[in-house]
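**Q** Sequence first, then the predicted structure:
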Amino acid sequence: MNKKEYLKMVEEKLDHSKIYPLEEALELCDELAVRKFDETILISYNLNLKVNERVRGTVSYPNFFGAEKKVLVFAKGEKAQEAQDAGATYVGDVDLVEKIKKGWFDFDVAIATPDMMKDVGKLGAVLGRRGLMPNPKIGTVTMNVGQTVQAFKAGKREFRSEKNGVLQVPVGKKSLDNTKIIENIETLTDTLKKLKPKDVKGEFIKTTFIHSAMGPGIRVNIR
């Protein structure tokens, strides 16, 4: 199917003026995801935030999907051993700091013990713009490194909104049962609502769209 044919199919199947129930939207999303690979399914929230204000947090989905995360831990001594025992992909201290300074970023999540933040803080610029900087607010600066490593390897995910108030988060794969994707969406939405800034007036979540990685957005009702 060429691009012109695909766009024609989208126009025939998708009513842009309609707000779809989640189940119906996911069925339509599956119909419109014509790529041969197992596309990621994402949800996009348009949030009521001030200019440049961001929302950041983590979510532990009830239904796992995707590849296991590569978890890096900055720690020393007993805590380094705890991280290794928990299955961390990489464990180290200043050696990893120096390696990252040279341009190495082969990991998905970075965790650090508080005593390591003096050294890890030197990586603020490079890790920050990649969304990889350990942060106590989301639990990635912690003494509970073993538990945290296990949580991320089991599917816990970090999320952060953009400057324009849009938050886009993976919630499943096309191959995952739609009921399980809906459970993941409900968990994510409940988590997000708890992060609503106190000064927000009116609805925090203004609009919501579901889409496959390569497909069009489908507006949904998550209430």
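**A** Perfect, thanks for sending it. Numbering: from 1, shown residues only.

**Q** Do a quick rundown of the helices in the protein.
**A** Assigned by DSSP state H, the helices in the chain fall at 3-13, 22-32, 77-85, 94-101, 117-120, 124-128, 145-153, 178-193.

**Q** I'd like those written out as TSV, with mean neighbour count and distance to Gly217 added.
**A** The C-beta positions use only the backbone N, C-alpha and C, and glycine is treated the same way. What follows is the helices of the chain, written out as TSV (neighbours: other C-beta atoms under 10 Å; distance: least, C-beta to C-beta, whole Å):
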stretch	mean neighbour count	distance to Gly217
helix 3-13	11	11
helix 22-32	19	10
helix 77-85	17	39
helix 94-101	16	35
helix 117-120	16	37
helix 124-128	12	28
helix 145-153	21	28
helix 178-193	17	15
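
**Q** okay, and the helix or strand of this structure with the least pLDDT?
**A** Lowest by mean pLDDT, DSSP states H and E among the helices and strands of the chain is helix 3-13, with a mean of 88.

**Q** Distance-wise, check the closest residue in space to Val34 that isn't next to it in sequence relative to Lys206.
**A** With sequence-adjacent residues excluded and distances taken as C-beta to C-beta, 6 or more residues apart in numbering, Val34 is closest to Met1, at 6.1 Å. The gap separating Met1 from Lys206 is 33 Å, by C-beta to C-beta, to the nearest Å.

**Q** Which one of the two is surrounded by more residues?
**A** More neighbours surround Lys206 than the other of Met1 and Lys206, with 12 against 9 (other C-beta atoms under 10 Å).

**Q** Could you list which residues are in contact with the nearest residue to that one once chain neighbours are set aside?
**A** Once flanking residues are discounted, Lys206 sits nearest to Asn46: 4.6 Å by C-beta to C-beta, 6+ apart. The contact partners of Asn46, taken as C-beta atoms under 8 Å, 6 or more residues apart in numbering, are Gly165, Val166, Ile205, Lys206, Thr207, Thr208.

**Q** Among those, name the ones in strands.
**A** Secondary structure from DSSP state E places Val166, Ile205, Lys206, Thr207, Thr208 of these in strands.
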